[in-house]
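K.L.:
A structural model of the following input is requested.
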Amino acid sequence: MHRIEGVSPETWGDAVPVSAQLSMELSITGCPMTYIPYHSRPVPGTTSFETGPIDTRLVVDVPPVHSGAGRSPLPGVIPPLKAQITSPAEFIKLEAEWRELVERSLHPNVFMEPVAVLAAAAVCRGALRVVLVWDDASCTRRLVGAWALLEPSTLYFSGSRVLVAPIHPHAPLSTPVIDRAMAGHVLASMFEAIEAEPDLPKLVELAHLDASRGFLAALEAASLQQGGRYRLFDMRQRPELGIQSMPPDSGAAVSKNRKRSMDRRRRRLARLGDLAVDEIVDAGDLAAALEEFLALEGAGWKGRRTARGRALLLDADAAFYAREVVQGLAARRLARLFVLRLDGRAVAVRIVLQSGAGVFTWKSSYDEALREYSPGLLLLEDVTGALLDDRALTFADSCNHHDEGYMSEFWHGRKPVTSALINVGSANLLHYSLVKGQLLASWQMKALARRALRQMRQLASRLRSGVGPDARQYSPFPEVSSRRRDHR
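P.N.:
Take a look at the predicted model:
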């Protein structure tokens with residue numbers, strides 16, 4: 001990994017507006033553009049980022065800006081906001097207010113839906129709380145922010161307590177749902193409520209956080225107001241389908257060779273029987289189709305408890321969560337299952353969840369006995385076409401952890417995501433530093449393991465093809481030469 005440092009905020013001057021983005025092309029690695037959020041005011045220290053030759057990895061440590069009492073007020077008129085911390089049981093009573101918020105949100109998050117939060121609360125190991133923010137500007141109160149956070153029952157080795165999101169291992173997005181017209185103010189109110197509550201930890205650990213410019217700007221502005229610190233790490237991308245930016249009949253963005261190959265496989269599979277695709281939206285039919293999905297997933301490689309993942313049926317709590325989420329959203333017509341059937345038997349299933357104008361392709365499974373026909377890829381092609389035909393939608397989130405796999409080939413759009421550690425106040429710096437060090441060490445070890453595994457697969461592929469390997473090319477510890485060295 002290469003480290004590049006020495007970019008001092010003092011050199012940017014005061015003319016750059018708060019929450020601006022510095023774009024830098026990393027030509028030494030050939031990586032894509034990396035966006036680095038930074039403060040416009042002079043602050044001590046430096047901004048650093050790390051990147052490797054395969055994946056982009058962004059690390060940003062933002063110190064507090066000390067102004068007067070250590071806080072910097074947000075620009076503009078401060079709306080009369082009131083924050084409260086409540087339970088999932090109370091949150092689910094706010095169905096109408098939640099629906100209005102989703103329509104005004106900066107970015108929808110189906111895993112923050114009240115039914116999903118309540119399902120997680122039933123099986124999570126720890127205390128789950130929901131931070132709500134209300135706008136009291138008019139006679140009618142409006143919900144302008146909602147964020148479900150979990151305090152796990154286990155502590156870090158340092159004894160530090162943290163709040164975490166996502167609130168369930170099968171919820172791949174931690175972003176709060178906040179009103180886009182006042183995103184920074186809402187997020188600052190959430191931080192203030194957490195800081196003021198004596199029973200809550202003051203550290204917030206987030207995985208799979210939205211890293212778009214809009215949300216990072218709101219995070220920076222809120223941290224400025226609270227005088228807190230945050231660290232972004234493991235910046236990455238995952239496939240996303242920009243529905244409004246593509247013609248309805250464009251289909252999956254695959255190469256001509258891939259398209260011809262899939263057409264051949266579809267014809268071959270159709271010779272085995274009656275091949276059809278069902279799109280199921282009725283709540284009663286969805287329950288039966290979900291059981292088909294669970295059985296199909298359990299019969300595949302995930303049913304063998306591999307290191308890459310495990311089937312939902314192997315964990316009673318995970319299966320309960322999936323059933324509650326899908327059935328709860330189906331009752332609100334926010335879930336659909338696509339099923340590829342051969343003579344009426346499910347050979348591939350994909351679960352698609354919806355919140356607002358966004359959909360999330362949450363889970364998929366296929367019959368591994370028919371692997372040579374690629375039923376999962378054939379169904380993804382059908383699902384992509386169906387989503388592009390629904391012009392009421394704006395985007396589809398792949399829910400992938402990384403920008404890899406067949407979805408990265410089918411969908412050319414990319415959603416930036418990151419992980420973060422936030423200290424909501426100006427105190428508690430010791431625990432913040434200890435947890436930050438542990439998280440960074442864990443992230444770096446995982447990144448190294450992923451890179452080593454990827455290179456082992458590339459090496460195996462070259463050996464199978466008869467091409468002689470170059471050991472240096474596949475070493476997880478690349479040599480440091482005059483062209484590839486630490487820049488300080």
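K.L.:
could you list the residues in contact with stretch 267-278?
P.N.:
The set of residues external to stretch 267-278 that reach it, using CB atoms under 8 Å, 6 or more residues apart in numbering, is 266, 289, 337-344, 347, 370, 373, 375, 378-379, 382. For the C-beta atoms, the positions are set from N, CA and C on the backbone; glycine is no exception.
K.L.:
how deep is Gln244 tucked in, by neighbour count?
P.N.:
11 (other CB atoms under 10 Å).
K.L.:
can you pull the phi/psi pair for it?
P.N.:
The phi and psi torsions at Gln244 (degrees, to the nearest 10) take the values phi -70, psi -20.
K.L.:
confidence score at it?
P.N.:
For Gln244, the model assigns a pLDDT of 84.
K.L.:
report the contact partners of it.
P.N.:
So Gln244 contacts 391, 393-395 (CB under 8 Å, 6+ apart).
K.L.:
out of the residues you listed, which are buried?
P.N.:
By neighbour count, with 16 or more other CB atoms under 10 Å, the contacts of Gln244 hold 393, 395 as buried.
K.L.:
may I have the distance across stretch 137-146, first residue to last?
P.N.:
Terminal residues of stretch 137-146 are spaced 18 Å apart (CA to CA, to the nearest Å).
K.L.:
also stretch 396-416?
P.N.:
13 Å.
K.L.:
residue ranges of the helices in the protein, please?
P.N.:
Ranges of helices in the chain, per DSSP state H, are 88-91, 95-104, 114-123, 183-196, 213-226, 256-270, 283-298, 316-330, 375-389, 406-410, 429-465.
K.L.:
tell me, which of these is the model least confident about?
P.N.:
Lowest mean pLDDT within these: helix 429-465, a mean of 80.
K.L.:
pop the domain breakdown of this structure in here.
P.N.:
Using automatic domain parsing, the domains assigned to the chain come out as 1-237+415-488, 244-393.
K.L.:
TSV please, covering these and showing distance to Cys399.
P.N.:
Formatted as TSV, the domains of the chain follow (distance: least, CB to CB, whole Å):
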stretch	distance to Cys399
domain 1-237+415-488	5
domain 244-393	5
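K.L.:
so which of the ones you listed gets nearest Tyr406?
P.N.:
domain 244-393 (6.0 Å; CB to CB).
K.L.:
how far does that closest one sit from the chain's center?
P.N.:
Put simply, domain 244-393 sits 20 Å off its chain's centre (CA atoms, centre = their mean, to the nearest Å).
K.L.:
ok, which of the helices of the chain comes nearest Pro416?
P.N.:
Nearest to Pro416 among these is helix 213-226 (8.8 Å), distances taken as CB to CB.
K.L.:
surely Ala137 and Pro79 touch.
P.N.:
Yes: between Ala137 and Pro79 a contact is recorded at 5.8 Å, counting by CB atoms under 8 Å.
K.L.:
how much space separates Leu94 from Ala171?
P.N.:
Going from Leu94 to Ala171 by CB to CB, to the nearest Å gives 19 Å.
K.L.:
so for the two, which residue has more residues nearby?
P.N.:
The neighbour comparison of Leu94 against Ala171 (other CB under 10 Å) goes to Ala171, with 25 against 17.
K.L.:
which residue is nearest the middle of this protein?
P.N.:
His208 (3.2 Å; CA atoms, centre = their mean).
K.L.:
so what's it up against?
P.N.:
166, 172-174, 401, 417, 419.
K.L.:
compute the inter-axis angle for the lengthiest strand in the chain and helix 183-196.
P.N.:
Ranked by residue count, the top strand of the chain under DSSP state E comes out as strand 229-242. For strand 229-242 against helix 183-196, the angle by axes from the mean of the first three to the mean of the last three CA atoms, to 10 degrees is 130 degrees.
K.L.:
what count of nearby residues applies to the nearest residue to Leu150 once chain neighbours are set aside?
P.N.:
Leaving aside its sequence neighbours, Leu150 sits nearest to Ile167 (CB to CB, 6 or more residues apart in numbering; 4.4 Å). Neighbour count of Ile167, defined by other CB under 10 Å: 26.
K.L.:
dihedrals phi and psi, Ile167?
P.N.:
Torsion angles, degrees, to the nearest 10, at Ile167: phi -90, psi 0.
K.L.:
any idea what the residue nearest to Val186 when sequence neighbours are not counted is bridged to?
P.N.:
Leaving aside its chain neighbours, Val186 sits nearest to Gly145 (4.0 Å; criterion: CB to CB, 6+ apart). Taking DSSP bridges as the rule, Gly145 bridges to Val133, Ile178.
K.L.:
now do the buried residues in the longest strand of the chain.
P.N.:
Using 16+ other CB under 10 Å as the test for burial, strand 229-242 gives 229-241.
K.L.:
now the closest residue to Val115 other than its chain neighbours: how far from Gln354?
P.N.:
Spatial nearest neighbour of Val115, chain neighbours left out: Gly328 (3.1 Å); criterion: CB to CB, 6+ apart. From Gly328 over to Gln354 the distance is 12 Å, taken as CB to CB.
K.L.:
Glu151: which of the helices of the chain is closest?
P.N.:
It is, among those and with distance given as CB to CB, helix 183-196, at 10.8 Å.
K.L.:
got a quick PyMOL command for the buried subset of the contacts of His208?
P.N.:
In PyMOL syntax, the buried subset of those is picked out as below (16+ other CB under 10 Å):
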select buried, resi 166+172+173+174+417+419
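K.L.:
adding pLDDT and distance to Gly126, write the contacts of His208 out as a markdown table.
P.N.:
A markdown table is the format used below for the contacts of His208 (pLDDT from 0 to 100; distance: CB to CB, whole Å):
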| residue | pLDDT | distance to Gly126 |
| --- | --- | --- |
| Pro166 | 96 | 13 |
| Pro172 | 96 | 19 |
| Leu173 | 97 | 19 |
| Ser174 | 97 | 15 |
| His401 | 86 | 22 |
| Val417 | 95 | 23 |
| Ser419 | 93 | 19 |
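K.L.:
among the contacts of His208, which are located in strands?
P.N.:
Those of the contacts of His208 lying in strands (DSSP E): 417, 419.
K.L.:
closest to Ala449 out of the contacts of His208?
P.N.:
Of all the contacts of His208, His401 has the smallest distance to Ala449: 13.5 Å, by CB to CB.
K.L.:
tell me who's in contact with the residue nearest to Val186.
P.N.:
Gly145 neighbours (CB under 8 Å, 6+ apart): 83, 101, 131-133, 176-179, 186-187, 189-190.
K.L.:
next one: Thr394
P.N.:
242-244, 357-358.
K.L.:
farthest pair in those?
P.N.:
Maximum pairwise distance among the contacts of Thr394 (CB to CB): 12.0 Å, between Gly242 and Ala357.
K.L.:
anything in contact with each of those two?
P.N.:
394-395.
K.L.:
what about the closest residue to Gln327 other than its chain neighbours, distance to Ala331?
P.N.:
Leaving out its chain neighbours, the residue that sits closest to Gln327 by CB to CB, 6+ apart is Ala287, at 6.0 Å. When distance is defined by CB to CB, Ala287 is 10 Å away from Ala331.
K.L.:
in terms of neighbours, single out the busier of the two.
P.N.:
More neighbours surround Ala287 than the other of Ala287 and Ala331, with 15 against 12 (other CB under 10 Å).
K.L.:
good, wrapping up.
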